[in-house]
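>>> All I have is the shape, not the residue letters:
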Ligand SMILES: [Zn+2]
């Protein structure tokens, strides 16, 4: 059974311990000491990292009553000097103690209990036993948590005999038997916990809620404390500043400016649709006039460099309204597009000639007897696809004159 030094002193960074067990593994080696300050992954808090002799510790796990240190290389000697990665550990202490405070703040501000806790690399989450919490409850809980931080209350750790546990008024009932490790925030919160915590709430620095979302009939609250809140604040400011610079406005004017731009582009889109309709109608007249009528019908064929399918449809309609014709349109762009249409009273089925054309442009499509469309990635073959479609229509009408 490994003695857990972090239970008594979470500020202990360097220590010497005796090797109890050491085993080679594929990744390096695993070492069990008689005592350790390295925290193993448990209770929602990730493991510590650091150095043992000259080897790096990349993981610490709990196996039965032993704490196993996973090293990247073997170590020699019976007594080893160890040092934990303090930046990482202190960050965990800030987040974890912040979690105790925030969970109690949600009890007081919203009567919501914490049923889950997870500490990720960038942010921390707690799950509340509620599908939703109001934005007022969220800001009240956040406000209260930060008040507790500013008041710099003492955070105490003690081990309580099982018989005295019921009288403690734990925030969340413990399933453990035997003596219980209890962490309390002065006159605020009492919880059973095996993690590492700061001595006073002031060291939490700050508690910032970043997001609340509904997950599995619970409300998941994402938050950051201490250094993480500074880092995330800086990152957000950088993002916002970049947007503001692009828009040439002050930070506070960004939302209004973006709203305005969205509205403007909506209007532009509308105007464009009207102009496209006009353009399609003019272009249809011209294209229709350019081709000769054969057996009472015309074939209008046109390749565009970069037009949306929407425009091809408008043009197709406009062409059909000119008189009897078969319309073969294509456009390049990010993706190749084909649109074939024909007057209702003409024989033939456009669906029959589409597959061959699709093959050429490496795409797929479909439609009705008189209107088909397709998209494909090989834009270099669009002209060939149009020519092929035209040839098939000529062949068909030669074989089957009206
Ligand atoms: Zn804790």
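Sure, I can see it. Model, not experiment: these values are computed from the prediction.
>>> who touches residue 218 in this structure?
115-116, 127-131 (CB atoms under 8 Å, 6 or more residues apart in numbering). C-beta: built from backbone N, CA, C; applies to glycine.
>>> got it, and residue 313?
339, 373.
>>> Distance check, it against residue 191.
64 Å (CB to CB, to the nearest Å).
>>> returning to that earlier point: just flag the most distant two among the contacts of residue 218.
116 and 131 (14.2 Å; CB to CB).
>>> Look at the two and report which has more neighbours.
residue 116 (14 against 11; other CB atoms under 10 Å).
>>> Am I right that the more buried one is in contact with residue 129?
No: using CB atoms under 8 Å, residue 116 is not in contact with residue 129; the gap is 9.3 Å.
>>> where does this protein come near the ion, residue by residue?
Within the chain, the positions near the ion by CB under 5 Å from the ion are 96, 193, 195.
>>> What residue, apart from its backbone neighbours, is nearest the first one spatially?
On the basis of CB to CB, 6 or more residues apart in numbering, the spatially nearest residue to residue 96 that is not a chain neighbour turns out to be residue 195, at 4.8 Å.
>>> For ChimeraX, what selects the buried ones among the contacts of residue 218?
Here is the ChimeraX command that picks out the buried ones among these, judged by 16 or more other CB atoms under 10 Å:
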select :127,128,130
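>>> Which neighbouring elements make contact with the helix of greatest length in the chain?
For the chain, the helix with the greatest residue count under DSSP state H is helix 254-290. Counting contacts by 3 or more CB pairs under 8 Å, 6 or more residues apart in numbering; DSSP states H and E, helix 254-290 is packed against helix 226-247, strand 298-304, helix 309-320.
>>> just how off-centre is stretch 83-102 within its chain?
Chain-centre distance of stretch 83-102: 25 Å, with CA atoms, centre = their mean, to the nearest Å.
>>> Just the buried residues of it, please?
Quick answer for stretch 83-102 (16+ other CB under 10 Å): 84-85, 88-102.
>>> Show me what counts as buried in stretch 23-35.
Within stretch 23-35, the residues that count as buried by 16+ other CB under 10 Å are 28-33.
>>> now swap in stretch 292-306 and tell me
Neighbour-count burial for stretch 292-306, counted by 16+ other CB under 10 Å, picks out 297-304.
>>> same check, this time on stretch 221-234
Quick answer for stretch 221-234 (16+ other CB under 10 Å): 221-226, 228-229, 232.
>>> List the residues that contact the closest residue to the ion within the stretch 51-200 of the chain.
Nearest residue of the stretch 51-200 of the chain to the ion: residue 193, at 3.2 Å (CB to the ion). Taking CB under 8 Å, 6+ apart as the criterion, residue 193 is in contact with 43, 96, 100, 181-183.
>>> pLDDT and secondary structure for the residues you listed - can I get that in CSV?
Shown next, in CSV, are the contacts of residue 193 (pLDDT from 0 to 100; DSSP: H, G, I helix; E, B strand; the rest coil):
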residue, pLDDT, secondary structure
43, 86, coil
96, 96, helix
100, 97, helix
181, 95, strand
182, 96, strand
183, 96, strand
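>>> so can I have a markdown table of the residues you listed showing distance to residue 214?
Formatted as a markdown table, the contacts of residue 193 follow (distance: CB to CB, whole Å):
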| residue | distance to residue 214 |
| --- | --- |
| 43 | 25 |
| 96 | 25 |
| 100 | 24 |
| 181 | 33 |
| 182 | 32 |
| 183 | 29 |
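>>> Would you check which pair of those lies furthest apart?
96 and 182 (14.6 Å).
>>> And for residue 102, nearest residue in space, chain neighbours not counted?
residue 145 (4.7 Å).
>>> Spell out the secondary structure type for that neighbour.
State at residue 145, reduced to three classes by DSSP: H, G, I helix; E, B strand; the rest coil: helix.
>>> what's the neighbour count on it?
Neighbour tally, residue 145, other CB under 10 Å: 29.
>>> ok, now which ones touch the residue of the stretch 201-350 of the chain found nearest the ion?
Going by CB to the ion, the ion is nearest to residue 204 of the stretch 201-350 of the chain, at 12.0 Å. When contacts are counted by CB under 8 Å, 6+ apart, residue 204 touches 94, 97-98, 101, 149, 198, 225-226.
>>> do the same with residue 76
Residue 76 touches residue 53, counting by CB under 8 Å, 6+ apart.
>>> thought the residue nearest to residue 102 was touching residue 105?
Yes: the pair residue 145 / residue 105 is scored as a contact, 4.2 Å apart, by CB under 8 Å.
>>> Just the pLDDT for the residue of the stretch 51-200 of the chain closest to the ion.
pLDDT, residue 193: 93.
>>> Can you list the low-confidence ranges for the stretch 101-250 of the chain?
For the stretch 101-250 of the chain, no stretch is flagged by pLDDT under 70.
>>> Kindly recompute the last result at 90.
The stretch 101-250 of the chain contains residues with pLDDT under 90 at 130-132, 173-177, 216.
>>> where exactly do the helices run in it?
Under the criterion DSSP state H, counting those that start in this stretch, the stretch 101-250 of the chain contains helices at 135-150, 226-247.
>>> Quick check: buried residues in the shortest one?
Read it as helix 135-150. 137-138, 140-142, 144-146, 148-149.
>>> re the thing from before, next, give phi and psi for the residue of the stretch 51-200 of the chain closest to the ion.
For residue 193, the backbone dihedrals (degrees, to the nearest 10) come out as phi -160, psi 140.
>>> nearest to residue 261, of the buried residues of stretch 292-306?
Closest approach to residue 261 among the buried residues of stretch 292-306 (CB to CB): residue 304, at 28.4 Å.
>>> Contacts only, for that closest one.
Per CB under 8 Å, 6+ apart, neighbours of residue 304: 311-312, 329-332.
>>> Quick one: residues contacting residue 127.
Per CB under 8 Å, 6+ apart, neighbours of residue 127: 114-117, 215, 218-221.
>>> Quick one: mark the members of those that sit in strands.
114-117, 215, 218-221 (DSSP state E).
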